[in-house]
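Undergrad: Next come a sequence and a model predicted from it.
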Amino acid sequence: MKTTTRSALLLAALAMTTTGCGSGYAVPETFCDAAVKKDDLSPLLPEGENLKNKRVKARSKPGAFCSLSVDGTRILYVAYQHDDAPLLPENRRAVIQRLERAAARNVSFPGQAVIGSNGAEVSAKCGDPTPYLTFNVQFAGDRVEDSSSGYKKLQRFLDDFVPAVTKKVECTADS
(Lines give C-alpha, C1' and ligand atoms only; values in the text may rest on other atoms or scores of the structure.)
Protein backbone atom coordinates (compact mmCIF):
# COMPACT_ATOMS: atom_id res chain seq x y z
CA MET A 1 0.00 0.00 0.00
CA LYS A 2 2.85 2.39 0.81
CA THR A 3 4.39 1.80 -2.64
CA THR A 4 1.09 2.72 -4.33
CA THR A 5 0.78 5.93 -2.28
CA ARG A 6 4.41 6.89 -3.01
CA SER A 7 3.89 6.18 -6.72
CA ALA A 8 0.75 8.31 -6.78
CA LEU A 9 2.53 11.19 -5.03
CA LEU A 10 5.50 10.90 -7.38
CA LEU A 11 3.22 10.93 -10.43
CA ALA A 12 1.33 13.97 -9.10
CA ALA A 13 4.61 15.84 -8.49
CA LEU A 14 5.85 14.90 -11.95
CA ALA A 15 2.60 16.12 -13.53
CA MET A 16 2.90 19.43 -11.71
CA THR A 17 6.49 19.81 -12.89
CA THR A 18 5.75 19.11 -16.54
CA THR A 19 2.71 21.40 -16.67
CA GLY A 20 4.15 24.25 -14.64
CA CYS A 21 1.37 23.89 -12.04
CA GLY A 22 3.87 23.74 -9.21
CA SER A 23 5.04 27.30 -9.79
CA GLY A 24 4.87 29.97 -7.13
CA TYR A 25 3.18 32.39 -9.55
CA ALA A 26 -0.13 32.55 -11.37
CA VAL A 27 -0.18 32.37 -15.17
CA PRO A 28 -1.17 35.88 -16.29
CA GLU A 29 -4.54 36.48 -17.95
CA THR A 30 -3.07 39.22 -20.16
CA PHE A 31 0.17 39.77 -22.04
CA CYS A 32 0.88 43.04 -23.90
CA ASP A 33 -2.48 44.24 -22.51
CA ALA A 34 -4.27 41.56 -24.55
CA ALA A 35 -6.23 38.67 -23.07
CA VAL A 36 -4.50 35.30 -23.52
CA LYS A 37 -5.70 31.80 -22.78
CA LYS A 38 -3.97 30.14 -19.85
CA ASP A 39 -3.83 26.86 -21.78
CA ASP A 40 -1.87 28.56 -24.58
CA LEU A 41 0.54 30.54 -22.38
CA SER A 42 1.31 28.09 -19.56
CA PRO A 43 3.21 25.55 -21.74
CA LEU A 44 5.76 28.30 -22.45
CA LEU A 45 6.41 29.11 -18.79
CA PRO A 46 8.87 27.22 -16.57
CA GLU A 47 8.52 26.58 -12.89
CA GLY A 48 9.66 29.37 -10.66
CA GLU A 49 8.68 31.68 -7.87
CA ASN A 50 8.35 35.13 -9.44
CA LEU A 51 6.86 36.09 -12.78
CA LYS A 52 7.23 39.61 -14.15
CA ASN A 53 4.86 40.70 -16.93
CA LYS A 54 6.12 43.95 -18.48
CA ARG A 55 4.86 46.17 -21.32
CA VAL A 56 6.51 49.33 -22.64
CA LYS A 57 4.83 51.46 -25.28
CA ALA A 58 6.96 52.15 -28.38
CA ARG A 59 7.97 55.78 -28.79
CA SER A 60 8.48 56.12 -32.54
CA LYS A 61 5.64 54.06 -34.09
CA PRO A 62 2.45 52.75 -32.56
CA GLY A 63 3.33 49.46 -30.90
CA ALA A 64 4.83 47.95 -27.76
CA PHE A 65 7.64 45.88 -26.29
CA CYS A 66 6.47 43.16 -23.92
CA SER A 67 8.23 40.52 -21.88
CA LEU A 68 7.56 37.74 -19.42
CA SER A 69 10.37 36.85 -17.04
CA VAL A 70 10.49 34.07 -14.49
CA ASP A 71 12.93 34.42 -11.60
CA GLY A 72 14.87 37.10 -13.48
CA THR A 73 15.21 35.15 -16.77
CA ARG A 74 13.36 36.52 -19.79
CA ILE A 75 11.24 33.71 -21.22
CA LEU A 76 9.08 35.50 -23.78
CA TYR A 77 9.71 38.79 -25.58
CA VAL A 78 7.42 40.37 -28.16
CA ALA A 79 7.86 43.63 -30.04
CA TYR A 80 5.02 44.70 -32.31
CA GLN A 81 4.36 47.73 -34.47
CA HIS A 82 2.28 48.95 -37.37
CA ASP A 83 3.92 48.43 -40.75
CA ASP A 84 3.28 49.23 -44.39
CA ALA A 85 4.44 45.86 -45.77
CA PRO A 86 4.28 42.19 -44.75
CA LEU A 87 7.26 39.98 -44.07
CA LEU A 88 8.99 39.93 -47.45
CA PRO A 89 10.29 36.64 -48.96
CA GLU A 90 13.95 37.69 -48.60
CA ASN A 91 13.33 38.58 -44.96
CA ARG A 92 11.57 35.24 -44.40
CA ARG A 93 14.71 33.41 -45.53
CA ALA A 94 16.82 35.42 -43.07
CA VAL A 95 14.39 34.68 -40.23
CA ILE A 96 14.35 30.98 -41.07
CA GLN A 97 18.15 30.92 -40.83
CA ARG A 98 18.18 32.87 -37.55
CA LEU A 99 15.61 30.76 -35.68
CA GLU A 100 15.77 27.10 -34.65
CA ARG A 101 13.68 24.72 -36.77
CA ALA A 102 11.87 27.62 -38.41
CA ALA A 103 9.65 27.56 -41.47
CA ALA A 104 6.84 29.56 -43.01
CA ARG A 105 3.73 28.31 -41.23
CA ASN A 106 -0.01 28.65 -41.78
CA VAL A 107 -1.68 30.69 -39.04
CA SER A 108 -5.27 31.02 -37.86
CA PHE A 109 -5.53 34.72 -38.70
CA PRO A 110 -5.10 36.77 -41.89
CA GLY A 111 -1.37 37.17 -42.36
CA GLN A 112 1.82 35.20 -42.59
CA ALA A 113 4.40 33.88 -40.19
CA VAL A 114 7.78 32.26 -39.85
CA ILE A 115 7.73 30.26 -36.62
CA GLY A 116 10.54 28.27 -35.08
CA SER A 117 11.00 26.55 -31.75
CA ASN A 118 12.68 29.63 -30.22
CA GLY A 119 10.93 32.56 -31.91
CA ALA A 120 8.85 33.94 -34.74
CA GLU A 121 8.28 36.83 -37.12
CA VAL A 122 4.62 37.50 -37.86
CA SER A 123 2.79 39.90 -40.19
CA ALA A 124 -0.89 40.17 -39.33
CA LYS A 125 -3.03 41.76 -42.01
CA CYS A 126 -4.94 44.83 -40.89
CA GLY A 127 -6.64 47.32 -43.17
CA ASP A 128 -6.63 51.06 -43.72
CA PRO A 129 -4.79 53.17 -42.72
CA THR A 130 -2.04 50.70 -41.72
CA PRO A 131 -1.96 47.47 -43.71
CA TYR A 132 -0.01 45.26 -41.25
CA LEU A 133 0.92 44.70 -37.64
CA THR A 134 4.31 43.01 -37.39
CA PHE A 135 5.51 40.93 -34.43
CA ASN A 136 9.06 39.93 -33.49
CA VAL A 137 8.89 37.08 -30.96
CA GLN A 138 11.74 35.57 -28.94
CA PHE A 139 11.18 32.50 -26.78
CA ALA A 140 13.85 31.18 -24.38
CA GLY A 141 14.21 28.90 -21.42
CA ASP A 142 13.83 25.22 -20.66
CA ARG A 143 10.43 25.01 -22.37
CA VAL A 144 11.96 25.57 -25.82
CA GLU A 145 11.94 22.20 -27.59
CA ASP A 146 14.67 21.62 -30.14
CA SER A 147 12.68 19.10 -32.14
CA SER A 148 10.81 19.01 -35.43
CA SER A 149 7.55 19.72 -33.58
CA GLY A 150 9.03 22.15 -31.03
CA TYR A 151 7.45 25.15 -32.75
CA LYS A 152 3.89 23.90 -32.08
CA LYS A 153 3.38 25.31 -28.59
CA LEU A 154 4.73 28.71 -29.66
CA GLN A 155 2.41 28.65 -32.69
CA ARG A 156 -0.54 27.72 -30.48
CA PHE A 157 0.20 30.75 -28.30
CA LEU A 158 0.59 33.02 -31.36
CA ASP A 159 -2.69 31.79 -32.89
CA ASP A 160 -4.38 33.08 -29.71
CA PHE A 161 -2.20 36.10 -28.92
CA VAL A 162 -1.84 37.82 -32.32
CA PRO A 163 -5.62 38.10 -32.95
CA ALA A 164 -6.07 39.38 -29.37
CA VAL A 165 -3.51 42.14 -29.97
CA THR A 166 -4.87 43.04 -33.41
CA LYS A 167 -8.32 43.41 -31.88
CA LYS A 168 -6.97 45.46 -29.00
CA VAL A 169 -5.18 47.93 -31.30
CA GLU A 170 -8.10 47.97 -33.76
CA CYS A 171 -6.18 46.27 -36.56
CA THR A 172 -8.76 44.20 -38.39
CA ALA A 173 -8.73 42.45 -41.74
CA ASP A 174 -11.56 41.13 -43.85
CA SER A 175 -9.57 38.28 -45.38
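TA: Done, it's in.
Undergrad: Which of the three states applies to Asp40?
TA: helix (DSSP: H, G, I helix; E, B strand; the rest coil).
Undergrad: Arg74 now?
TA: Here Arg74 is recorded as strand under three-state DSSP.
Undergrad: so who does the residue nearest to it when sequence neighbours are not counted touch?
TA: Once flanking residues are discounted, Arg74 sits nearest to Ser67: 5.4 Å by CB to CB, 6 or more residues apart in numbering. In short, each C-beta sits where N, CA and C put it, glycine included. Ser67 is in contact with Lys52, Asn53, Lys54, Arg74, Leu76, Tyr77, Val78, counting by CB atoms under 8 Å, 6 or more residues apart in numbering.
Undergrad: Please name the bridge partners of Ser67.
TA: On the basis of DSSP bridges, Ser67 is bridged to Lys54, Tyr77.
Undergrad: and Pro163, that's in a helix?
TA: Yes: with three-state DSSP as the criterion, Pro163 is part of a helix.
Undergrad: With adjacent residues omitted, what lies nearest to it?
TA: Nearest-residue entry for Pro163: Phe109, 4.8 Å, with adjacent residues in sequence omitted and distances by CB to CB, 6+ apart.
Undergrad: where's the one you found, which helix or strand?
TA: Of the helices and strands defined by DSSP states H and E, none includes Phe109.
Undergrad: how far away is Asp159 from Pro129?
TA: According to CB to CB, to the nearest Å, Asp159 stands 26 Å off from Pro129.
Undergrad: Which of the two has more residues huddled nearby?
TA: Set Asp159 next to Pro129 and count neighbours by other CB atoms under 10 Å: Asp159 wins out with 18 against 7.
Undergrad: Contacts only, for the more buried one.
TA: Asp159 is in contact with Asp40, Val107, Ser108, Phe109, counting by CB under 8 Å, 6+ apart.
Undergrad: Which one of these is nearest to Leu88?
TA: Distances from Leu88 to the contacts of Asp159, taken as CB to CB, are shortest for Val107 (16.9 Å).
Undergrad: The closest residue to that closest one other than its chain neighbours: which element?
TA: Closest residue to Val107 apart from its sequence neighbours, by CB to CB, 6+ apart: Ala113 at 4.9 Å. Per DSSP H and E: Ala113 is located in strand 111-115.
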